[in-house]
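Undergrad: build the 3D model from these lines:
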Amino acid sequence: MDASLGTLRTIGEAGLEGVSGVDSAVDAARAVIAQAAGSPIAPEADPMLEQLRECAREAGGPVSARTRASAVGERYRQMPADERTHFMQLLAYSLGPDPKVVARAHAAYTRALGSDAQWDAESALRLAVRSPRSRLIRQFNDMPDGLKFLLDLRADVLSRLADLPGLAVLDQELQARLASWFDVGFLDLQRITWDSPAALLEKLIDYEAVHQIRSWTDLKNRLDSDRRCYGFFHPRMPREPLIFVEVALTAELSQAVQPLLDEAAPLLDPGTASAAIFYSISNTQPGLRGISLGNFLIKRVVEALHRDFPRLEVFSTLSPLPLFRKWLDRQFVAGTLPIDPCLLEPLAQLLDVKAPACPLQRALQRTRWTERPEVAERLQAPMQALCAHYISEVKQGLYPYDPVARFHLANGARVEHVNWAADISVNGFNQSYGMMVNYRYIPEQIEHNVDAYAAAGHIALGPEMI
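TA: As a prediction, this is how the structure comes out:
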């Protein structure tokens, strides 16, 4: 894309001096952008392009245009993958704003700066950058299920973006529109119960992304009297949760997930609970990637729980570490395990492992430690030390490497506790060798933690982590 940026800069420079030279620069820019997008400029005879242009021109009036756009949208849903890709490419670089109009409007705005004509010129520039693509997006939104259509369209764009980087312009425009239409002020927070419509409950089963819901009995357990499930809904998608969180009301801070998922566990009187454990948060719409809803959801749910259960004192997650095992395995390969060797001695003695072999690696990868309590006991201290190091010291730039840690710390939580053997499922073992983390939300500390984290990547730590 470097060449296209240079060519587009030429347009801007030409615009600052008037309109001379703009046409040739624009033609060159169009060709470079198309090449970067991974496809040639669509021929004028392309029937799909002509249909899209007719919709954008609102030929026959806005009602007819929206009817045609709805038909095009329905046709898109039936297209095979290659035709969908062509459709997305047409939207991306054949239906953008006219570079000549933009350049002339920019030149006029530049000349008008500081004069009485500045505000009219600004308005004209704003109109110039509005594209046929943006009109089509608004028309698709007017379909009976237009918001869902646009979410699915953006999900398709994101799935092809790595191979076709030229689709980025379409992705950015869709994201900007969706961020406005899915602003948290437009969303409804709803509690989901066992009495909710069956179609909605089926979607919880399908969308659960952290701990698989194995059966209807499993789901019923997660919606029982000592549990809560909340989701954000858009008024135009009333049976389609955008994101939902599952909460367990408990007597104390939970440090393992299997007891929370145990269908035979006794019920707790929710009025006696002192802790609310957020053990699963699932985003359901790939098309909302980059549009943050989870932070608002957690804060709204904390408010709702505190209102309904004044005895609650602890609001904490029990969160996975999706990249911890990959990171730790890399340390094994490199021989750079960041740990005090003294923590490994009890395990080395038990397994009779001599240096330079790593007893931790052998225990995790070659023994069935979940069935050997004496091994599991000696694994706890080194694994907790490594997990604490991973959360607080392993960074991606200024912020933690772990994506779940970044999410909760950016929302104002603090790292409360790292938990050994907290998820002994196959998925838990594959992600993190069974490790999980409690991120605690203390309402009066959230604002300070958010500011400190955003400014300098400061990680708030609970007393046990210091």
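Undergrad: Phe186 - nearest residue in space that isn't next to it in sequence?
TA: His234 (6.6 Å; CB to CB, 6 or more residues apart in numbering). Using the backbone N, CA and C atoms, a C-beta is placed for each residue, glycine as well.
Undergrad: hmm, the one you found is touching Leu147, no?
TA: Yes. Look at His234 against Leu147 with CB atoms under 8 Å: they come within range, at 6.5 Å.
Undergrad: now for these two: what residues contact both?
TA: Shared contacts of His234 and Leu147, defined by CB atoms under 8 Å, 6 or more residues apart in numbering, are found at Trp181.
Undergrad: what about these two, which has more around it?
TA: Leu147 (21 against 18; other CB atoms under 10 Å).
Undergrad: wait, isn't the more buried one in contact with Pro238?
TA: No. Using CB under 8 Å, Leu147 is not in contact with Pro238, being 11.3 Å away.
Undergrad: before we move on, back to that, bridged to the residue nearest to Phe186, which residues?
TA: Note on His234: beta-bridge partners by DSSP bridges are Met237.
Undergrad: do you know how far it is from Leu151?
TA: Between His234 and Leu151 the computed distance is 10 Å (CB to CB, to the nearest Å).
Undergrad: can you give the contact residues for the longest helix along the chain?
TA: Using DSSP state H to define each element, the chain has its longest helix at helix 373-393. Contact with helix 373-393 is made by 321, 324, 327-328, 337-340, 343-344, 346-347, 350-351, 360, 363-364, 367, 369-370, 400-402, 405, 415, 418-421, 432-433, 435, 437, 459, 461, 465, as judged by CB under 8 Å, 6+ apart.
Undergrad: now which of those residues would you call buried?
TA: Applying 16 or more other CB atoms under 10 Å to these, the neighbour count classes 321, 324, 328, 337, 339, 343-344, 346-347, 350-351, 360, 363-364, 369, 400-402, 405, 415, 418-421, 432-433, 435, 437, 459, 465 as buried.
Undergrad: any idea how many residues pack against Lys203?
TA: Residues near Lys203, counting by other CB under 10 Å, number 19.
Undergrad: check which helices and strands the strand or helix carrying it sits against.
TA: Here Lys203 sits within helix 198-207, counting by DSSP states H and E. The contact analysis (3 or more CB pairs under 8 Å, 6 or more residues apart in numbering; DSSP states H and E) places helix 198-207 against helix 216-222.
Undergrad: start to end distance for stretch 208-215?
TA: Stretch 208-215 has an end-to-end distance of 12 Å (CA to CA, to the nearest Å).
Undergrad: sort out which residues of it are buried, please.
TA: Per 16+ other CB under 10 Å, stretch 208-215 contains these buried residues: 208, 210-211, 213.
Undergrad: and those residues, which two are the farthest apart?
TA: Taking CB to CB as the measure, those span a maximum distance of 10.2 Å, between Val210 and Ile213.
Undergrad: returning to what we had before: mind saving the C-alpha coords of the longest helix of the chain as PDB?
TA: These are the backbone C-alpha positions of helix 373-393, laid out as PDB (Å, rounded to 0.1, in the frame of the first residue of the first chain):
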ATOM      1  CA  PRO A 373      -2.000 -35.600  43.900                       C
ATOM      2  CA  GLU A 374       1.700 -35.600  44.900                       C
ATOM      3  CA  VAL A 375       2.700 -34.200  41.500                       C
ATOM      4  CA  ALA A 376      -0.100 -31.700  41.400                       C
ATOM      5  CA  GLU A 377       0.800 -30.400  44.900                       C
ATOM      6  CA  ARG A 378       4.400 -29.700  43.800                       C
ATOM      7  CA  LEU A 379       3.300 -28.100  40.600                       C
ATOM      8  CA  GLN A 380       1.300 -25.400  42.300                       C
ATOM      9  CA  ALA A 381       4.000 -23.100  43.600                       C
ATOM     10  CA  PRO A 382       6.100 -22.900  40.300                       C
ATOM     11  CA  MET A 383       3.000 -22.600  38.200                       C
ATOM     12  CA  GLN A 384       1.500 -19.800  40.200                       C
ATOM     13  CA  ALA A 385       4.900 -18.000  40.200                       C
ATOM     14  CA  LEU A 386       5.100 -18.300  36.400                       C
ATOM     15  CA  CYS A 387       1.500 -17.200  35.900                       C
ATOM     16  CA  ALA A 388       2.000 -14.100  38.100                       C
ATOM     17  CA  HIS A 389       5.100 -13.200  36.100                       C
ATOM     18  CA  TYR A 390       3.300 -13.800  32.800                       C
ATOM     19  CA  ILE A 391       0.400 -11.500  33.800                       C
ATOM     20  CA  SER A 392       2.500  -8.700  35.200                       C
ATOM     21  CA  GLU A 393       5.700  -8.800  33.300                       C
END
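Undergrad: any chance you could list what contacts the next helix or strand after that helix?
TA: The element immediately downstream of helix 373-393 (helix or strand, assigned by DSSP H and E) is strand 395-396. Residues from elsewhere that reach strand 395-396, judged by CB under 8 Å, 6+ apart: 401, 406, 457.
Undergrad: using a markdown table, please lay out those residues together with secondary structure, distance to Ser64 and pLDDT.
TA: Listed next are the contacts of strand 395-396 as a markdown table, based on DSSP: H, G, I helix; E, B strand; the rest coil; distance: CB to CB, whole Å; pLDDT from 0 to 100:
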| residue | secondary structure | distance to Ser64 | pLDDT |
| --- | --- | --- | --- |
| Tyr401 | coil | 53 | 97 |
| Arg406 | helix | 48 | 96 |
| Gly457 | coil | 54 | 96 |
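Undergrad: what is the nearest of the residues you listed to Asp308?
TA: Taking CB to CB as the measure, Arg406 is the one of the contacts of strand 395-396 closest to Asp308, at 29.8 Å.
Undergrad: how close does that closest one sit to Ala376?
TA: Distance from Arg406 to Ala376, by CB to CB: 30 Å.
Undergrad: next one: Pro356
TA: From Pro356 to Ala376 the distance is 24 Å (CB to CB).
Undergrad: when those two are compared, which one has more neighbours?
TA: Neighbours per residue (other CB under 10 Å) separate Pro356 from Ala376, with Ala376 holding more: 18 against 6.
Undergrad: understood, closing this out.
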